[in-house]
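Enquirer: Everything below, folded, please.
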Amino acid sequence: MVTAIVLMTVARGKVQSVANALLDVPSVGEVYSVAGPYDLVAVIRVKRHDDLDELVTGRLAAFEGIVSTQTLVAFRCYSRKDVQAMWDIGLD
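Expert: Have a look, this model is predicted:
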């Protein structure tokens, strides 16, 4: 399994529609809106590096509203905790 984090710059006013469209892509696990130089971060999991190439440079590049992307390929996951549980801290 190949895991990648895709940092995206999105056209003004398109963040929500792009995020929702990304969630319709089966290989996209999570999409986060973020502060800083990027607008959205997507966590992608695919079987092969070639699948990642097709998804990012083919499919995502064609999304209306995505201005640019930067892809980080993960080598190893060091987390033993449930990622969602970390985001939910303090919401009870």
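Enquirer: what about this protein, any weak spots by pLDDT?
Expert: 80-92 (pLDDT under 70).
Enquirer: Let me know how buried E64 is, in neighbour terms.
Expert: 9 (other C-beta atoms under 10 Å). C-betas here are computed from N, CA, C, even on glycine.
Enquirer: Tell me how far the closest residue to it other than its chain neighbours lies from V34.
Expert: Once flanking residues are discounted, E64 sits nearest to K14: 7.4 Å by C-beta to C-beta, 6 or more residues apart in numbering. According to C-beta to C-beta, to the nearest Å, K14 stands 15 Å off from V34.
Enquirer: More neighbours: which of these two?
Expert: K14 (17 against 12).
Enquirer: Pop out the phi and psi values for the more buried one.
Expert: Here is the backbone geometry of K14 (degrees, to the nearest 10): phi -110, psi 0.
Enquirer: List of residues touching the lengthiest helix in the chain?
Expert: Longest helix of the chain, by residue count under DSSP state H: helix 15-23. For helix 15-23, the surrounding residues in contact (C-beta atoms under 8 Å, 6 or more residues apart in numbering) are 8, 10, 28, 31, 33, 39-40, 42, 60, 63, 65-66.
Enquirer: Which member of those residues is positioned nearest Y78?
Expert: A42 (20.3 Å; C-beta to C-beta).
Enquirer: And the strands in the chain?
Expert: 2-10, 28-33, 40-46, 66-73 (DSSP state E).
Enquirer: Would you format those strands as TSV with mean neighbour count and distance to N20 included?
Expert: Listed next are those as TSV, based on neighbours: other C-beta atoms under 10 Å; distance: least, C-beta to C-beta, whole Å:
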stretch	mean neighbour count	distance to N20
strand 2-10	18	12
strand 28-33	16	8
strand 40-46	20	11
strand 66-73	14	13
